[in-house]
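Colleague: Return a 3D structure for these sequence lines:
(one chain, ligands or ions: 2)
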Amino acid sequence: MNAHLARLCHLAAQPSRRIIGLMSGTSLDGLDVALCRLTGHGPGTRLELEQFRTVPYDEDTKGRIRQVFARDTVSLEYLTLLNPWLGQLHAAMILDCLQAWGISPQEVDLIASHGQTIYHAPRHQHQRADFDLNATLQLGDGDHVAVHTGIITLSDFRQKHIAAGGEGAPLAAYGDFLLLSSPDEERLLLNLGGIANFTYLPRADGDATAAFSTDTGPGNTLLDATVRAHFPDLAYDEDGRLALAGRVHEGLLAALLDHPFFAAPLPKTTGPELFSAAYLAEAQQRSATEALSLEDILATLAELSAVGVARAMQAAFPDRPAPAAVYASGGGAHNPALLAALQRQLPAARFATTDVLGVSGDAKEAILFAVLANEAVAGQPVAIGAGRQRVPAVGMGKVSFPG
Ligand SMILES: Nc1ncnc2c1ncn2[C@@H]1O[C@H](COP(=O)(O)OP(=O)(O)OP(=O)(O)O)[C@@H](O)[C@H]1O
Ligand SMILES: CC(=O)N[C@H]1[C@@H]2OC[C@@H](O2)[C@@H](O)[C@@H]1O[C@H](C)C(=O)O
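Modeller: Ligands and ions are numbered 1, 2, ... in the order given. So this is what the prediction gives:
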């Protein structure tokens, strides 16, 4: 038997595995690296987060990704070059982290690499008659990560989800269910990344059938893009200071909400392809708010993100109130303007962060991919959201051997 395959079989039979989960999201802030010890699999999975770091992307890296990110038209040569380049960059970042933590690559069992999403194209967004399918594209090829780290790597998790009837996202429900469901309370796990999404976890032990996750609309992406357009050196509105100094403009908010995405059935996904500077400019034009101050625009965009979340929660629970226990994660959980807007839109919700449940909100998405890799190697497909469309029960991730 191939020695790497034998090692993978050996790992699958072990009581626990040490897995590095990687995520670099739509905010392009950097690569989240979560070194996880995962014991068991399936509903009995236990997590110990040994180390976590966000390795920031420098301006050169951000610029390279932005050459293709969410763009309709790109240079095919550039795209082809960027794919292995990002794989090698991520490998180098992992090796740097391991060195800083005093851990050798031989002491790590697996890498779970999400890659960099550069384009997300669910049917409802591309609306092309010539392609009757959902699609998504992540760069940072897994073979390059495996060869340059010497660690067996699982990558490209989203394609199986699409092949089996999903939109390729959100995948959060699979890991959230295994790590964070509780017999004592039903929960909403709200991730406030570039795009916002939530996972519903029923109050049940091991009952995956009602759990599901959905995107809700923009999280930080429009806020970040607007700040960057005014202050190219700023990545975001720190502590929501500018947004908190502004006032929500109801006319602009109504124009922004006048889009079929907000009424589309759950679960649904989206990305910066839709929620872009052009989308904001068009809504400003329709509502004659081109002259609105930066502060008022940001206040309105924070409200938009919160209304998106509230509407999706109403759609998920049409006949009863949404669960009150809401655990936030992602960078937006550090933005007081966004949190204040959420509390206005969801007055009955009790907000906390996932940190109180023992899972760092900053690390959660990277951890999720480590959990998916653990399931792919040692577990079975979990029947998340049974009966719901676009929530397939599949194992995800492609295997790359280092040699
Ligand atoms: N102190 C802060 N004040 C305001 N906003 C913040 C703060 N810290 C982080 N953020 C926001 O969080 C963003 C980064 O969030 P995160 O890392 O969760 O995004 P991501 O993982 O790229 O997104 P996605 O989940 O969509 O892939 C920043 O770009 C910024 O908008
Ligand atoms: C296509 C893609 O990369 N989607 C991301 C993005 O970032 C947040 C939201 O949009 C979510 O749908 C997803 O990531 C998380 C990790 C998920 O799949 O659950």
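Colleague: make it CA atoms for all contacts and neighbour counts henceforth
Modeller: OK.
Colleague: Could you pick out the residues of the stretch 301-403 of the chain near ligand 1 for me?
Modeller: When proximity is defined as Cα under 6 Å from any ligand atom, the stretch 301-403 of the chain approaches ligand 1 at 330-332, 334-335.
Colleague: Can you tell me which of those is closest to ligand 2?
Modeller: Proximity of these to ligand 2 (Cα to the nearest ligand atom) peaks at Gly330, which lies at 9.0 Å.
Colleague: Let me know whether that closest one touches Leu189 as I believe.
Modeller: No: the pair Gly330 / Leu189 is not scored as a contact, 10.5 Å apart, by Cα atoms under 8 Å.
Colleague: elements contacting the longest helix along the chain?
Modeller: Counting by DSSP state H, the longest helix found in the chain is helix 76-101. With contacts defined as 3 or more Cα pairs under 8 Å, 6 or more residues apart in numbering; DSSP states H and E, the packing partners of helix 76-101 are strand 30-39, strand 46-56, strand 135-139, helix 142-149.
Colleague: and the helix or strand just after the longest one, average pLDDT?
Modeller: In this case it means strand 46-56. Going down the chain from strand 46-56, the next helix or strand is helix 59-66, by DSSP states H and E. Per-residue pLDDT over helix 59-66 has a mean of 97.
Colleague: what about helix 59-66, near ligand 1?
Modeller: No: for helix 59-66 and ligand 1, the contact criterion (Cα under 6 Å from any ligand atom) is not met; the two come no nearer than 11.8 Å.
Colleague: ok and that helix relative to strand 135-139, angle-wise?
Modeller: Here helix 59-66 points in a direction 150 degrees away from that of strand 135-139 (axes from the mean of the first three to the mean of the last three Cα atoms, to 10 degrees).
Colleague: who's in contact with helix 59-66?
Modeller: The contact list for helix 59-66, computed with Cα atoms under 8 Å, 6 or more residues apart in numbering, reads 28-29, 82, 118.
Colleague: Report whether the expected contact of Gln125 with Leu274 is present.
Modeller: Yes: counting by Cα under 8 Å, Gln125 touches Leu274, with 7.4 Å between them.
Colleague: Tell me which of the two has more neighbours.
Modeller: Leu274 (18 against 15; other Cα atoms under 10 Å).
Colleague: so what's that one up against?
Modeller: Applying Cα under 8 Å, 6+ apart, the residues near Leu274 are Gln125.
Colleague: Phi, psi for it please.
Modeller: Backbone torsions for Leu274, taken as degrees, to the nearest 10, come to phi -90, psi -50.
Colleague: Which pLDDT value goes with it?
Modeller: Taking Leu274 on its own, its pLDDT is 98.
Colleague: Kindly report the same for Gly30.
Modeller: 97.
Colleague: before we move on, what about the one 5 residues further on?
Modeller: Per-residue pLDDT puts Leu35 at 98.
Colleague: how about stretch 86-102: buried residues?
Modeller: Buried residues in stretch 86-102, counted by 16 or more other Cα atoms under 10 Å: 86-91, 93-95, 97-98.
Colleague: Same question for stretch 324-343.
Modeller: By 16+ other Cα under 10 Å, the buried positions in stretch 324-343 come out as 324-339, 341-342.
Colleague: which residues does whichever residue of the stretch 251-400 of the chain sits closest to ligand 1 contact?
Modeller: Closest residue of the stretch 251-400 of the chain to ligand 1, Cα to the nearest ligand atom: Gly331 (3.0 Å). With contacts defined as Cα under 8 Å, 6+ apart, the neighbours of Gly331 are 192-193, 362.
Colleague: What ranges in this protein fall below the confidence cut-off?
Modeller: Residue ranges of the chain with pLDDT under 70: 206, 387.
Colleague: can we see that at 80?
Modeller: Residues of the chain meeting the criterion pLDDT under 80: 204-207, 386-387.
Colleague: where do the helices sit along it?
Modeller: For the chain, the helices defined by DSSP H cover 3-13, 59-66, 76-101, 123-126, 142-149, 158-163, 172-180, 221-230, 241-244, 250-257, 277-286, 294-316, 336-345, 364-378.
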